[in-house]
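**Student:** based on what follows, work out the 3D shape:
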Amino acid sequence: MRMLEKDSDKRYSTLKAVLAELRQFDLSDPERTIMEDYEKTVAFDPTILTQGTRSASEPMPDPSSSVSRKEKKLKEMTWEERQQRAKQLEEEHREKVRLEKEERQRRIKEEKQKAEEERKRREEEKQRREEERIRKEAEEQAERERIRAEERRLKDEEEAKKKKLKLRIVMGVASIIVFILAYIGVKELLYIIKYNFELSKEFVLVEGKKFEHDGKSWTKFEVAKIEATQELWESVMGSNPSNFKGSKKPVEEVSWYDAVEFCNKLSEKEGLQKAYSGSGDNIKCDFSANGYRLPTEAEWEYAARGGNQSKGYEYSGSSDLDDVGWYYDNSGRETKEVGRKQPNELGLYDMSGNVWEWCWDIYSDSGSNRVKRGGSWLDYADDCRVADRGNDDPDSRGDINGFRLVRTR
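**Tutor:** Numbers count the residues shown, from 1 in each chain. As a prediction, this is how the structure comes out:
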């Protein structure tokens, strides 16, 4: 009897474990109903296994209550049949789990396949866009080449027109020369040609900035490489007012009015349009004229600083004044021949030191003094800085005052 009880307890524990395991599965409604009915049977009542009857704690079924056909069938099953049914349910559930797993794997495979197809589609789209970009770049490059070819053709045509125009000008000049030869003689003509050639070599084209004055504007001008020399002055004016004589030294002892008069006479001598008109305080400057004139203060400072090639030096061409200019410490108390020091970035000489250079501008609105820039042989280094400003009465003459020529282009 004790052996039977032990065996019953073991079977009971085993069946409860099977039921607990089956409850973890996702059973269908009919399967769950069978399991619930199975639990109500004597197969899970240890007293049935030992005594063959229901336990006292379990009430007897009411004969008058309706018992379903399924319950009757379940009650008619033996313990082995019910255990077999439970195993069958477990196997069916495991088969269902296997099928669900296969379905999930199939779906994952399909998703991977779709992802791969999408990746290939994107790669193809990327390649198509790259090919389209290359095609457009090739078309743009071809269009640029076509435009450049057209520009070269137009440029060649323009150059051809210029050459034809130059030829016509040369022919016209030749005709004028023949006329002048008959009028003024060969000697005077050769002097003018030689003088113009030499003077043209001494000018530098300055550009890169817009200048405005009296309602007019221009972007480039020519400035003389050197200060106006005594040789040049005497060839135009017929005399030399300088204190420190020397044909290659800068002319000095000239007032602002003297410099303006010289510019007009030189322009007239070369057949250029005079820049100045009027007299005294009513002198006007035509900045569109092609004749010689004094620089504006803005032109002078821009050129002195090196124009668009400026390196920001304190003096014109260097931060060491001894390299570029004659001043109190190195001049020996006199002017020096022009062009003996090193030039600035534009190739201009002596814009710091040697002689002050007259400019066109009035120094202040309240007076009549004219601006002069650059310092002189008599001044200390501070007065020779490109930023320093000087001024003097336009009638004032002195052996520290000179000038430099410019022309509007």
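
**Student:** contact partners for residue 376?
**Tutor:** 327, 353-356, 383-384, 400-401 (C-beta atoms under 8 Å, 6 or more residues apart in numbering). All C-beta spots, glycine's among them, are computed from the backbone N, C-alpha and C.

**Student:** who does residue 372 form a beta bridge with?
**Tutor:** Beta bridges link residue 372 to residue 358, residue 390 when assigned by DSSP bridges.

**Student:** what about it, neighbour count?
**Tutor:** By the criterion of other C-beta atoms under 10 Å, residue 372 has 27 neighbours.

**Student:** got it, and the one 5 residues further on?
**Tutor:** Applying other C-beta under 10 Å, we find 25 other residues in the vicinity of residue 377.

**Student:** in the protein, which spans are helices?
**Tutor:** If DSSP state H is used as the criterion, the helices of the chain fall at 2-23, 29-40, 46-51, 69-76, 79-184, 186-200, 230-237, 256-269, 297-304, 321-324.

**Student:** hey, least reliable of those helices by pLDDT?
**Tutor:** In terms of mean pLDDT, the lowest-scoring of these is helix 46-51 (a mean of 42).

**Student:** who's in contact with residue 253?
**Tutor:** By C-beta under 8 Å, 6+ apart, the residues touching residue 253 are 241-243, 397-399, 401.

**Student:** in CSV, list those along with distance to residue 97, pLDDT and neighbour count.
**Tutor:** Output for the contacts of residue 253, formatted as CSV (distance: C-beta to C-beta, whole Å; pLDDT from 0 to 100; neighbours: other C-beta atoms under 10 Å):
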residue, distance to residue 97, pLDDT, neighbour count
241, 122, 98, 16
242, 119, 98, 22
243, 121, 98, 13
397, 119, 95, 17
398, 117, 95, 16
399, 118, 97, 19
401, 113, 98, 24
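
**Student:** okay if I get those residues as JSON lines plus distance to residue 372?
**Tutor:** As requested, these are exported to JSON lines (distance: C-beta to C-beta, whole Å):
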{"residue": "241", "distance to residue 372": "17"}
{"residue": "242", "distance to residue 372": "17"}
{"residue": "243", "distance to residue 372": "17"}
{"residue": "397", "distance to residue 372": "12"}
{"residue": "398", "distance to residue 372": "10"}
{"residue": "399", "distance to residue 372": "14"}
{"residue": "401", "distance to residue 372": "7"}
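
**Student:** inside strands: which ones of these?
**Tutor:** Using DSSP state E, the subset of the contacts of residue 253 located in strands is residue 401.

**Student:** show me which of the contacts of residue 253 is closest to residue 231.
**Tutor:** Minimum distance to residue 231 across the contacts of residue 253 is 10.6 Å, recorded for residue 242 (C-beta to C-beta).

**Student:** next up, phi/psi of that closest one, please.
**Tutor:** phi -70, psi 150 (degrees, to the nearest 10).

**Student:** that one against residue 229, yeah?
**Tutor:** No: using C-beta atoms under 8 Å as the test, residue 242 is too far from residue 229 to be in contact (9.5 Å).

**Student:** what touches both of those two?
**Tutor:** Joint contacts of residue 242 and residue 229 (C-beta under 8 Å, 6+ apart) are 249-251.

**Student:** so can I have a markdown table of those showing pLDDT and distance to residue 258?
**Tutor:** Converted to a markdown table, those look like this (pLDDT from 0 to 100; distance: C-beta to C-beta, whole Å):
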| residue | pLDDT | distance to residue 258 |
| --- | --- | --- |
| 249 | 97 | 17 |
| 250 | 97 | 13 |
| 251 | 98 | 9 |
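
**Student:** the longest strand in this structure is where?
**Tutor:** strand 203-213.

**Student:** tell me what that strand is packed against?
**Tutor:** Counting contacts by 3 or more C-beta pairs under 8 Å, 6 or more residues apart in numbering; DSSP states H and E, strand 203-213 packs against strand 216-224, helix 297-304.

**Student:** neighbouring strands for it, and are they parallel or not?
**Tutor:** Assessed with DSSP bridges, strand 203-213 is paired to strand 216-224 (antiparallel).

**Student:** so residue 317 touches residue 347, yeah?
**Tutor:** No: the pair residue 317 / residue 347 is not scored as a contact, 9.4 Å apart, by C-beta under 8 Å.

**Student:** neighbour count: the two, which is higher?
**Tutor:** Between residue 317 and residue 347, counting by other C-beta under 10 Å, residue 317 is the more crowded of the two (27 against 12).
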